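# With the input below, show me the fold.
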Amino acid sequence: MQENNNINVLGLKDVTVTKLEEDNEFVHVHACVDKMNTCPHCGSNKIWVHDHRIHNIRDTHLHGKKCIIHLKKTRYNCKSCHKRFERKLDFVAKKHTITLRLLECIVRDFSSVHSISSIAKNFNVSNSMVSRILDVICTHRLALPEVLCIDTHRAHVSLREIVVITSINVHC
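Model prediction:
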């Protein structure tokens, strides 16, 4: 009964929490991915276990402490189509070892004035990971034209100055 409550609180789908450990700095959540019965490629139920791996996935703070999920994942082989696969998890960010919740918290922290290193230290990730996330969410600006015309105009009624910036294409 307690394990089901942990799953609901953490929001981990297709995962069974086996143990929770807490020390001064971290909360360690030990979990394993639920068993698969069919191949996602061909639908066959003739699958066997290839190997087990433990992935350390960082999550948002829990009880004011940094959280690490030690997730035991199983890779399978299909006897019918000969493909190797594992269960897709919707709470882990693609090509990262962090949860989507942590990714959203890092992105939210960009809106306030923090350095990359302070964000990385706060969320227990590397500076390069924060930089990669910033590169992905950063919108690229369009290049300025070769010729840029800036004109100012003072309104007589309100005595406000209006600035007009335009692009002028020069054709020879």
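# quick check, distance from stretch 111-125 to the centre of its chain.
Distance of stretch 111-125 from the chain centroid (Cα atoms, centre = their mean, to the nearest Å) equals 15 Å.
# For it, give me every contacting residue.
Identification of contacts with stretch 111-125 by Cβ atoms under 8 Å, 6 or more residues apart in numbering yields 58, 60, 66, 68, 98, 102, 105-106, 109-110, 126-127, 129-131, 134. (C-beta placed from N, C-alpha, C; glycine too.)
# same thing but 7 Å
Residues from elsewhere that reach stretch 111-125, judged by Cβ atoms under 7 Å, 6 or more residues apart in numbering: 58, 66, 98, 102, 105, 106, 109, 126, 127, 130, 131.
# Phi first, then psi, for the nearest residue to residue 84 once chain neighbours are set aside.
Excluding its sequence neighbours, the residue lying closest to residue 84 (Cβ to Cβ, 6 or more residues apart in numbering) is residue 77, at 5.5 Å. Note on residue 77: its backbone torsions stand at phi -120, psi 140 [degrees, to the nearest 10].
# how about TSV for the contacts of stretch 111-125, with secondary structure added?
Shown next, in TSV, are those (DSSP: H, G, I helix; E, B strand; the rest coil):
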residue	secondary structure
58	strand
66	strand
98	strand
102	helix
105	helix
106	helix
109	helix
126	coil
127	helix
130	helix
131	helix
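# Buried subset of those, written for PyMOL?
Command for PyMOL that selects the buried part of the contacts of stretch 111-125, burial taken from 16 or more other Cβ atoms under 10 Å:
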select buried, resi 58+66+98+102+105+106+130
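# which of the contacts of stretch 111-125 are the two that sit furthest away from each other?
Distance extremes for the contacts of stretch 111-125: the farthest pair is 66 and 131 at 19.9 Å, using Cβ to Cβ.
# Surely residue 119 is within a helix?
Yes: under three-state DSSP, residue 119 falls within a helix.
# Roughly how far does it sit from residue 69?
20 Å (Cβ to Cβ, to the nearest Å).
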